[in-house]
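*Asks:* Provided below are the primary sequence and the corresponding predicted coordinates.
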2 protein chains.
Amino acid sequence: MTSKRKPAHPTAEHAPLQLEHFLPYRLSILSNTISQAIAEDYQRRYDISVTEWRVMAVLARFEGLSARQVADRTAMDKVAVSRALARLVEAGRVSRSTHDDDKRRSVLGLTEAGWTMHDEVAPMARAREREVLAKLDAEEQRWLTRILDKLLEAERETGSGER
Amino acid sequence: MTSKRKPAHPTAEHAPLQLEHFLPYRLSILSNTISQAIAEDYQRRYDISVTEWRVMAVLARFEGLSARQVADRTAMDKVAVSRALARLVEAGRVSRSTHDDDKRRSVLGLTEAGWTMHDEVAPMARAREREVLAKLDAEEQRWLTRILDKLLEAERETGSGER
DNA sequence: ACGTTATAGTTACATATGAAACCAATAGCA
DNA sequence: TGCTATTGGTTTCATATGTAACTATAACGT
């Protein structure tokens, strides 16, 4: 009797997820699309990855950080930072020396070449961000900021702790 | 003269990005944190990845899809789908046969075991989503939905086209 | 029918990412 | 001091992911 074949018994009894309305899914799509779009610009042009760019961005703001501090500020794990740094130093964009008082720590900073690249990429990144934001009106933009603040803050408390 | 050493000449001349206020960065953190938190639940318990779960979710809603159609509905690329399916079929959670009229196409669906698992995971996923959303008040939730709709819609138009 | 082009899906290769093991140096403390 | 626990950082290994190449089948135009 109950055998129409195609939709068998789905929806009703099983309450399947509707992916397109599922928050984590939507966030993930949006995040990837946007990061992708923005990164595309410099990825090819400078042969640099998103993680490497993030490292450069914090070093632009804070001279002399250690790898650990970079990891904290980028929310990347230390392995990722280590690898990014290896490439950046190799490429001559970041300088690395050893801390005087603690020889485990490295002391990091942008080189001249690093600064040059930074000064070209940063405005590009900001411009792309503006393009995305331009799709929202002023009120929506305010709400978005507020909502992200709130969710990120909440997750920070919940989500375990280390990194 | 201009050599105080530490903050060298940053901020002023170079206008570095403030990562913690940069939209793509914030989205990426949030998306990862949330997906991670939700996935954690079933990852370990069922030994299944996010991509595999997404495939199962669409097959729960639409019986008999082809791999291509799954790819479209999950925004995954066909290689990722192919791999996810290989594992799912192997694990006995998804059944795969060949389309009668077009022997290139596969015809996919959840097996009994697949349904059983689905019926356990789907409510969990929804519960986790609610937990996240609970951090926002009703008004914020409405805005979030609206903003995501708008941005996703906009990106869909812009962002190239294939997949 | 026949050759060309397009489509569904898989495989191969190269690169990225995460977890755990590991080395070196420092901090704590008996 | 001397021993143990911690911390900064790198290396290793296993797994994941993306791109391009490839196979099989179907669609199209003549």
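*Replies:* Perfect, thanks for sending it.
*Asks:* make it CA atoms for all contacts and neighbour counts henceforth
*Replies:* Will do.
*Asks:* where does chain A dip in pLDDT?
*Replies:* For chain A, the stretches with pLDDT under 70 are A:1-12, A:159-163.
*Asks:* what segments of it are helices?
*Replies:* Applying DSSP state H to chain A gives helices spanning A:10-14, A:23-42, A:50-61, A:67-74, A:78-90, A:112-133, A:138-158.
*Asks:* can you tell me what sits against stretch A:64-76?
*Replies:* A:54-55, A:58-59, A:77-78, A:81-82, A:105-109, A:163, B:6, B:19, B:29 (Cα atoms under 8 Å, 6 or more residues apart in numbering or on different chains).
*Asks:* am I right that residue A:58 is in contact with residue B:15?
*Replies:* No. If you go by Cα atoms under 8 Å, residue A:58 and residue B:15 don't touch, sitting 11.6 Å apart.
*Asks:* between the two, which one's more packed in?
*Replies:* Neighbours per residue, other Cα atoms under 10 Å in any protein chain shown: of residue A:58 and residue B:15, the larger number sits with residue A:58, 23 against 14.
*Asks:* what residues are up against that one?
*Replies:* Residue A:58 neighbours (Cα under 8 Å, 6+ apart): A:70, A:73, A:74, B:16, B:17, B:18, B:19.
*Asks:* for the fourth one, what are its contacts?
*Replies:* Contacts here follow Cα under 8 Å, 6+ apart; on that basis residue B:16 touches A:57, A:58, A:60, A:61, A:118, A:119, A:122, B:10.
*Asks:* of those residues, closest to DNA strand D?
*Replies:* Closest approach between the contacts of residue B:16 and DNA strand D, by Cα to the nearest atom of the strand: residue A:58, at 13.8 Å.
*Asks:* how close does the closest one sit to residue A:111?
*Replies:* Residue A:58 sits 14 Å away from residue A:111, taking Cα to Cα, to the nearest Å as the criterion.
*Asks:* now swap in residue A:51 and tell me
*Replies:* Counting by Cα to Cα, the gap from residue A:51 to residue A:111 is 18 Å.
*Asks:* cool, residue A:62 as well?
*Replies:* On the measure of Cα to Cα, residue A:62 and residue A:111 end up 13 Å apart.
*Asks:* who has more neighbours out of those two?
*Replies:* residue A:62 (20 against 17).
*Asks:* what's near enough to touch residue A:88?
*Replies:* Per Cα under 8 Å, 6+ apart, neighbours of residue A:88: A:52, A:94.
*Asks:* and residue A:139, how many residues sit next to it?
*Replies:* With other Cα under 10 Å as criterion, residue A:139 counts 9.
*Asks:* ok, back up a step: ok, so of the contacts of residue B:16, who is nearest DNA strand C?
*Replies:* residue A:57 (16.1 Å).
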